[in-house]
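**Q** Below is the sequence, then the predicted model.
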Amino acid sequence: MISYSTDVSALAEDDLGGFFVGWPAPPSRAQHLAVLRGSYRVVIARSDSTVVGFVNMISDGVLTAFIPWLEVLPEFQGQGVGTELVRRILAEAEQMYSVDLICDEELKPFYERLGMTAWTGMMLRNRDAIRSLPGRASAGEGRP
């Protein structure tokens, strides 16, 4: 059984293993925890005591929000965990004018099923910034 929570106060680095599979420059567990604790809203999915998924939102708290990360452990994908995480984080932002996210092309149908609309956007990625941040794990550390 999967439980969901918006409380990250007891979350620890050791709770956050196995995420960011395939990322070219994944964040360290310390960075991951800092991002979740610094987010406007977070929803965590657990199976027993194991964190199996999460989604976070950053926002001005008034009109706009952005969902940067949705991750579900590979062994829990395809079971509705990601859908429920997105449903819950969108409910946290129902008063917002806009909630945006950027996703890979193959993920558009997933988000469209949840009521989102494809739109044109722009982005800049500096992968070296992740590598140089404090708390960055050495090569291979913190990866599944």
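**A** Nice, thanks for sending it over.
**Q** This protein: strands as residue ranges?
**A** Taking DSSP state E as the test, the strands found in the chain are 2-5, 41-47, 50-59, 64-72, 98-100.
**Q** worst-scoring helix or strand of this structure, pLDDT-wise?
**A** Sorting the helices and strands of the chain by mean pLDDT, DSSP states H and E puts helix 127-132 at the bottom, at a mean of 72.
**Q** Now mean pLDDT too, for the strands of the chain, in TSV please.
**A** Converted to TSV, the strands of the chain look like this (pLDDT from 0 to 100):
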stretch	mean pLDDT
strand 2-5	97
strand 41-47	98
strand 50-59	98
strand 64-72	97
strand 98-100	95
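**Q** would you list those strands in CSV and tack on mean neighbour count and distance to residue 108?
**A** Yep, even glycine has a C-beta here, placed from its N, CA and C like the rest. Output for those, formatted as CSV (neighbours: other CB atoms under 10 Å; distance: least, CB to CB, whole Å):
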stretch, mean neighbour count, distance to residue 108
strand 2-5, 14, 24
strand 41-47, 21, 21
strand 50-59, 22, 17
strand 64-72, 19, 13
strand 98-100, 14, 14
